[in-house]
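A.B. asks: sharing a sequence plus its predicted fold:
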Protein chains: 2
Amino acid sequence: MIATINALLPAWLQEEMTQSGTRFETEEARMRYAIALARRNVDEGTGGPFGAALFEAQGGRLISVGVNLVVTSNCSHAHAEMVAIALAEQALGSYSLADLEAGPYALYTSCEPCVMCLGGILWSGVRRVVSAARDADARRIGFDEGPKPENWAEALRSRGIEVREEFCRDEAVAVLRDYAATGGIIYNGR
Amino acid sequence: MIATINALLPAWLQEEMTQSGTRFETEEARMRYAIALARRNVDEGTGGPFGAALFEAQGGRLISVGVNLVVTSNCSHAHAEMVAIALAEQALGSYSLADLEAGPYALYTSCEPCVMCLGGILWSGVRRVVSAARDADARRIGFDEGPKPENWAEALRSRGIEVREEFCRDEAVAVLRDYAATGGIIYNGR
């Protein structure tokens, strides 16, 4: 009998979760950490070239981490953003990050969200999203981002979520490129 | 240390999962089952008024069930469609339902997908989606469906997924209405 939905975290990511509470003062430090998670995921062979991390927007305490775990956890929804959000909600014991005392919360992601993660971000109550690589960068190596609104950032802003795009883009694109160059699995569920 | 992402299933839903393998020959039978799951979720007080079930498109063997478990599992992503897809992938041991021998697979959902679930359906490899209540029906009682493409069904069809809309709509709308009337929690993560 299946009693839970499980997305198993690789050992190294569990280890990263023990860093929760560490302060990352600057946006650069937070984004570099998210991109480092993407890089580590590729190096460890535990999933696709995407990483995310969720912080208290003020003060920068790390709440949770995420990487793409689709293939290794047999879960097509386990994109980096979704993993980081689910782990944050689990850690904070709330289905909404919108109205918690230590909030608002900010999500840093090595690549802008696909259509699923766009919705996932919206329902999570995250208040700020910072992304590095563009949709076009992911598509260039074969990943599909789905039927997103023409301006995904505006779609979030119009709902009260701050968005900053193309932050440290080159560093994130290098991870995508290296993944493709080493023959990493490109899957789109079709 | 958090080793997994868990979305706990209520006992009654675990019991439903033991029905896996049962044949539902007609589209009516499959959709009525998905709507009955939504109804049961409201009656049991285990979540929002949404249900979904995933079947082998040919022959109609039940693979998995899903209901909205956002509040009870502290997971904003635990919409009915996402739960059903995740449980199917877990049961079948694959991150894609697209190329399995017993496929193609069809998802029956008591309400058309929000923007997150639209992407989740796409990445799952499901080949047919049948929905009952409309986006407007969910919005009418206060649920936000997010910035979806103007024609979500076309967006899926253009990617090779069959869509049938407004099937048994009235029965699904009755569940939404009853949920609102009894003061069920309406949340949108904001």
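C.D. replies: Good, I have the coordinates. In this text, all values refer to a predicted model and were calculated from it rather than measured experimentally.

A.B. asks: packing partners of the helix or strand residue A:88 falls within?
C.D. replies: For residue A:88, the host element (DSSP states H and E) is helix A:80-92. Helix A:80-92 sits against helix A:27-44, strand A:51-56, strand A:62-67, strand A:105-111, helix A:115-124, strand B:4-8, with contacts defined as 3 or more Cβ pairs under 8 Å, 6 or more residues apart in numbering or on different chains; DSSP states H and E. For glycine as for every other residue, the C-beta is placed from the backbone atoms N, C-alpha and C.

A.B. asks: residues touching the following helix or strand past the fifth one, excluding its own?
C.D. replies: If you walk from helix A:115-124 toward the C-terminus, the next helix or strand you reach (DSSP H and E) is strand A:128-133. Residues lying outside strand A:128-133 but in contact with it, judged by Cβ atoms under 8 Å, 6 or more residues apart in numbering or on different chains, are A:27, A:30-31, A:34-35, A:57, A:104-113, A:121, A:156, A:161-169, A:171-173, A:176.

A.B. asks: dump the helices and strands packed on helix A:80-92 to TSV, plus mean neighbour count.
C.D. replies: Formatted as TSV, these follow (neighbours: other Cβ atoms under 10 Å in any protein chain shown):
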stretch	mean neighbour count
helix A:27-44	21
strand A:51-56	28
strand A:62-67	26
strand A:105-111	29
helix A:115-124	28
strand B:4-8	20
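
A.B. asks: how about the helix holding residue A:88, which residues are buried there?
C.D. replies: A:80, A:81, A:82, A:83, A:84, A:85, A:86, A:87, A:88, A:89, A:90, A:92 (16 or more other Cβ atoms under 10 Å in any protein chain shown).

A.B. asks: so for the fourth one, what's the pLDDT?
C.D. replies: Spelled out, that is residue A:83. Per-residue pLDDT puts residue A:83 at 95.

A.B. asks: tell me what residue A:107 is bridged to.
C.D. replies: Going by DSSP bridges, residue A:107 is paired in beta bridges with residue A:54, residue A:129.

A.B. asks: any idea how far residue A:30 lies from chain B?
C.D. replies: Going from residue A:30 to chain B by Cβ to the nearest Cβ, to the nearest Å gives 20 Å.

A.B. asks: hmm, I was thinking of residue A:84
C.D. replies: Distance of residue A:84 to chain B, computed by Cβ to the nearest Cβ: 10 Å.

A.B. asks: that residue is in contact with residue A:55, isn't it?
C.D. replies: No: applying Cβ atoms under 8 Å as the test, residue A:84 and residue A:55 come out as separate, 9.9 Å apart.

A.B. asks: give me the low-pLDDT residue ranges for chain A?
C.D. replies: Counting by pLDDT under 70, chain A contains low-confidence ranges at A:1-7, A:188-190.

A.B. asks: got a list of what residue A:64 touches?
C.D. replies: A:17, A:20, A:53, A:54, A:84, A:85, A:87, A:88, A:91.

A.B. asks: can we see that at 6 Å?
C.D. replies: Shown in contact with residue A:64 (Cβ atoms under 6 Å, 6 or more residues apart in numbering or on different chains): A:54, A:84, A:87, A:88, A:91.

A.B. asks: closest one of the buried residues of helix A:80-92 to residue B:49?
C.D. replies: Closest approach between those and residue B:49, by Cβ to Cβ: residue A:89, at 21.2 Å.

A.B. asks: test my guess that the closest one contacts residue B:74.
C.D. replies: Yes: at 5.3 Å, residue A:89 and residue B:74 qualify as touching, with contact defined as Cβ atoms under 6 Å.

A.B. asks: overlap in contacts, those two.
C.D. replies: With Cβ under 6 Å, 6+ apart, residue A:89 and residue B:74 have common neighbours residue A:95.

A.B. asks: what comes into contact with stretch A:23-39?
C.D. replies: In contact with stretch A:23-39 (Cβ under 6 Å, 6+ apart) are residues A:49-53, A:55, A:60-61, A:65, A:67, A:108, A:110, A:167-168, A:171-172, A:175.
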